[in-house]
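In: Need a 3D model of the following:
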Amino acid sequence: MPRSPHFAPETNAMQSAVFSPTAKRVGDIPEDVCPLHVGDTWMEPFEGGRMEDLREVDYPGLHRYCEARGVPALVDAIVEKVRARNGLPCERASVLVTAGATGALGAAVGAIASPGDEVLILAPYWPLIPGVVAALRATPVEIPFYDRVASADDALAAVREALGPRSVALYVSSPSNPTGRVLPEAWLAALADWAARENLWLISDEVYEDYVYRGAHVSLARFAPERTVTVFSFSKSFGMAGNRTGYLVAPPDVTAQALKISTHTAYSAPTAGQIAARRALRDGRGWIARARQSYQQVGDATAELLGLPPPEGSMFHFIDVREKLDARGIWGFLEDCVTDGVALAPGPSCGAAYEGWVRLCYTSVPPERALEAVRRVARRLA
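Out: Numbering: from 1, shown residues only. This next block holds a predicted model:
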């Protein structure tokens, strides 16, 4: 008898949404609940970089396909930015503009990993990355890291323990979503040296590069440009998440392979989003400076309310609430927070080792509203 149609087991095992376990238990979040579970900004893009500012008469082809690699003027601007700001070797063939940083990460994994290969992921991690790896039929391997590594030697010990015969790449995020940590230069150099010895690729997620409040952002590819795929985003840097425009920078032979994946999935990033991104690289640095000041102020203030160290970077606090859990576990705690008028993200979405943690984004609503919501969380934790 012919086989009945079925779903791919790998896809069937994936969650339908990042926070689907929360949705099942909490239900639809009411409009009056403060949405601190969403990793986004309340700020609109700078004037001149919004969709309403773009006209077809000024940009012929605004609503048409563009080159699969990206709008040429944007690619050229990215080359200049990456050379000047990140200190990386870069040419046009190194750049691929993608449908958000998510598209860049998917293209990177598709270029370097075969089915069953393992991608090592430093945890807690951005909630989508294991699914990105699994969707490309590779295997994500979680490495508890940011909350328990205190030195370069600790960092190397953690990754060595996870290394296996099918390991092909290491995913690193700095500044970190969700912990807010910025990895020191010495740690990055040590990880790059280890990856070279073990013949691994490096995937460096640097979408929060513009939001460092303590320390300094250093691009991982400075230490191993020949084996590093670096991913950036206009979503986070310029408040343009809805435009779905990101990009990757890698050795040209890697970018050529990633282009195949990107072309056969999204074809290209939205043309209008790329035009707005070109404007952002030209005119948007003042907006970033204002956003960074606002984010740091509210990040520091909310950290003090919660009894946490001030964030080093990104837009998040990652909070250990294990002592406050009852028999209902983390899901009961999240339900109680919704009752308090605050939605938080579940720690397990950032790693299986973080069942008793929650993630809080302090930039998703205006500062005064964020502070009031965090006061409610602090009262529940007190």
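In: For the stretch 151-300 of the chain, just list every one of the strands.
Out: Remark: strands assigned in the stretch 151-300 of the chain by DSSP state E, counting those that start in this stretch are 167-173, 201-205, 228-233, 246-249.
In: Reformat the ones you listed as JSON lines; add mean pLDDT.
Out: Shown next, in JSON lines, are these (pLDDT from 0 to 100):
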{"stretch": "strand 167-173", "mean pLDDT": "98"}
{"stretch": "strand 201-205", "mean pLDDT": "98"}
{"stretch": "strand 228-233", "mean pLDDT": "98"}
{"stretch": "strand 246-249", "mean pLDDT": "98"}
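In: For Phe316, find the nearest of these.
Out: Closest to Phe316 of the strands of the stretch 151-300 of the chain is strand 167-173 (C-beta to C-beta; 11.2 Å). Yep, even glycine has a C-beta here, placed from its N, CA and C like the rest.
In: Could I get the buried residue list for the closest one?
Out: Across strand 167-173, burial judged by 16 or more other C-beta atoms under 10 Å covers Ser167, Val168, Ala169, Leu170, Tyr171, Val172, Ser173.
In: Show me the chain divided up by domain.
Out: In terms of domains, the chain is parsed into 9-44+286-381, 51-283 (source: automatic domain parsing).
In: most tightly surrounded among those domains?
Out: Ranked by mean neighbour count, the domains of the chain are led by domain 51-283 with a mean of 20 (mean count of other C-beta atoms under 10 Å).
In: remind me which residues of this structure are low pLDDT?
Out: Counting by pLDDT under 70, the chain has low-confidence residues at 1-3, 17-29.
In: The same query, at a cut-off of 50, please.
Out: Applying pLDDT under 50 to the chain picks out residues 20, 26.
In: biggest helix in it, by residue count?
Out: Taking DSSP state H as the assignment, the helix of the chain that covers the most residues is helix 285-306.
In: In terms of secondary structure, what does that helix contact?
Out: If you count contacts as 3 or more C-beta pairs under 8 Å, 6 or more residues apart in numbering; DSSP states H and E, helix 285-306 packs onto helix 234-238, strand 316-320, helix 367-381.
In: how does it look with 6 Å?
Out: Under the contact definition 3 or more C-beta pairs under 6 Å, 6 or more residues apart in numbering; DSSP states H and E, helix 285-306 sits against helix 367-381.
In: list the contacts for Ala123?
Out: Neighbouring residues of Ala123 by C-beta atoms under 6 Å, 6 or more residues apart in numbering: Glu142, Ile143, Pro144, Phe145, Gly351.
In: wait, the last one sits on Leu122?
Out: I take that to be Gly351. No: the criterion here is C-beta atoms under 6 Å, and Gly351 misses it with Leu122 at 9.4 Å.
In: So for the chain, which residue is the most central one in space?
Out: For the chain, the residue nearest the mean C-alpha position is Trp126 (5.3 Å; C-alpha atoms, centre = their mean).
In: Contacts only, for the closest residue to it other than its chain neighbours.
Out: Spatially, and ignoring its direct neighbours in sequence, Trp126 is nearest to Asn177 (4.6 Å; C-beta to C-beta, 6 or more residues apart in numbering). Asn177 makes contact with Trp126, Ser314, Phe316, according to C-beta under 6 Å, 6+ apart.
In: before we move on, what about Ala162?
Out: With C-beta under 6 Å, 6+ apart, Ala162 has these contacts: Leu120, Val141, Ile143.
In: Please identify the nearest residue in space to it, excluding sequence neighbours.
Out: Ile143 is the one closest to Ala162 (C-beta to C-beta, 6+ apart), at 4.7 Å.
In: just checking, the one you found is part of a strand?
Out: Yes: counting by DSSP: H, G, I helix; E, B strand; the rest coil, Ile143 is located in a strand.
In: Can you tell me how far it is from Leu122?
Out: The spacing between Ile143 and Leu122, counted by C-beta to C-beta, to the nearest Å, is 5 Å.
In: State the phi and psi torsions of the residue lying closest to Tyr65 once chain neighbours are set aside.
Out: In space, and not counting its chain neighbours, Tyr65 is closest to Ser268: 6.5 Å by C-beta to C-beta, 6+ apart. In terms of degrees, to the nearest 10, the main-chain angles of Ser268 are phi -150, psi 160.
In: ok so, going back, save the strands of the stretch 151-300 of the chain as a markdown table, and put in distance to Gly70 too.
Out: Formatted as a markdown table, those follow (distance: least, C-beta to C-beta, whole Å):
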| stretch | distance to Gly70 |
| --- | --- |
| strand 167-173 | 23 |
| strand 201-205 | 19 |
| strand 228-233 | 12 |
| strand 246-249 | 7 |
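In: how about these, which one is nearest Met43?
Out: Shortest distance between Met43 and the strands of the stretch 151-300 of the chain, using C-beta to C-beta, is found for strand 228-233: 15.2 Å.
In: in terms of contact, does the residue nearest to Tyr65 touch Ala68 like I think?
Out: Yes: under the criterion of C-beta under 6 Å, Ser268 makes contact with Ala68 at 5.0 Å.
In: which residues are common contacts for the two?
Out: Counting by C-beta under 6 Å, 6+ apart, nothing touches both Ser268 and Ala68.
In: And for Asp32, nearest residue in space, chain neighbours not counted?
Out: Gly341 (6.7 Å).
In: and the gap between the one you found and Pro30?
Out: Gly341 is 9 Å from Pro30, by C-beta to C-beta.
In: I'd assumed Ala157 was in contact with the residue nearest to Ala162.
Out: No: checked against C-beta under 6 Å, the pair Ile143 and Ala157 is beyond contact range at 10.5 Å.
In: which stretches of the protein form helices?
Out: For the chain, the helices defined by DSSP H occupy 9-12, 20-26, 72-81, 100-112, 129-135, 152-162, 185-197, 234-238, 252-263, 271-283, 285-306, 329-339, 367-381.
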